[in-house]
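Chemist: Test case, fold it:
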Amino acid sequence: MAHLQPPTDSDDWIALCRSPLPTGAALEWATVAGCGGVVVFAGTVRDHADGREGVTALEYEAYEGPAGDRLRALAAEARRRWSDVGRIALLHRVGRLAVTETAVVVVVSAPHRDAAFDAARWCIDTLKATAPIWKKEEWLDGSSWGTRATPVADMFSEAVSPRRRSA
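Modeler: Now for the predicted structure:
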């Protein structure tokens, strides 16, 4: 598990951890002089799932080595697709999370908002589709490993192609 301090030697902050995610610190770290657009996405645990009310918690598990490798590959691919991106933070929590706790944070900075929005959207969509991270839903009467669990996809498949205007 990674320690949740922003890097001092990289423009990519990649972490899987058990502790609360530092959304504000990620925003602050990604805000740099050359980037006028900073997009923050924070995915939180909600109290329902598809067709199920009363969700009380989620438990995330990750295949740590490959998950970290995938997050680094996502950042590299985002930089290839949007060459002017400044900083990228991809932070994911594992373990048991209560309703309203933050499970994932994606922050992307770029000189202009279009690239920041497009890259951030691609990062979260592709992370959810391709990273070996799974969630177990808990509700009042039981639990299961997600109502829409899917196999891990290839990062370059059509299923995770970007919704992109121009870079």
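Chemist: Going by C-alpha atoms from here, please, whenever you check contacts or count neighbours.
Modeler: OK.
Chemist: where does the protein dip in pLDDT?
Modeler: 1-3, 142-143, 145-167 (pLDDT under 70).
Chemist: quick one: the helices in it?
Modeler: 23-30, 64-81, 113-130 (DSSP state H).
Chemist: hmm, who's touching the shortest one?
Modeler: By C-alpha atoms under 8 Å, 6 or more residues apart in numbering, the surrounding residues in contact with helix 23-30 are 6, 38, 40, 42, 86-89, 105, 107-109.
Chemist: before we move on, back to that, select, out of the helices of the chain, the one closest to A57.
Modeler: Closest approach to A57 among these (C-alpha to C-alpha): helix 113-130, 18.3 Å.
Chemist: Just list what the closest one packs against, helices and strands only.
Modeler: Using 3 or more C-alpha pairs under 8 Å, 6 or more residues apart in numbering; DSSP states H and E, the elements in contact with helix 113-130 are strand 37-44, helix 64-81, strand 102-110.
Chemist: mind giving me TSV with those and columns for distance to S19 and mean neighbour count?
Modeler: Below are the helices and strands packed on helix 113-130 laid out as TSV (distance: least, C-alpha to C-alpha, whole Å; neighbours: other C-alpha atoms under 10 Å):
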stretch	distance to S19	mean neighbour count
strand 37-44	14	19
helix 64-81	15	18
strand 102-110	10	26
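Chemist: now the residue of the chain positioned farthest from its centre: how far from D50?
Modeler: Most distant residue from the mean C-alpha position of the chain: D141, 28.9 Å away (C-alpha atoms, centre = their mean). Separation of D141 from D50 (C-alpha to C-alpha, to the nearest Å) stands at 16 Å.
Chemist: What of L4?
Modeler: Distance of L4 to D50, given as C-alpha to C-alpha: 32 Å.
Chemist: Can you tell me which of the contacts of helix 23-30 is closest to E77?
Modeler: Closest approach between the contacts of helix 23-30 and E77, by C-alpha to C-alpha: I88, at 11.2 Å.
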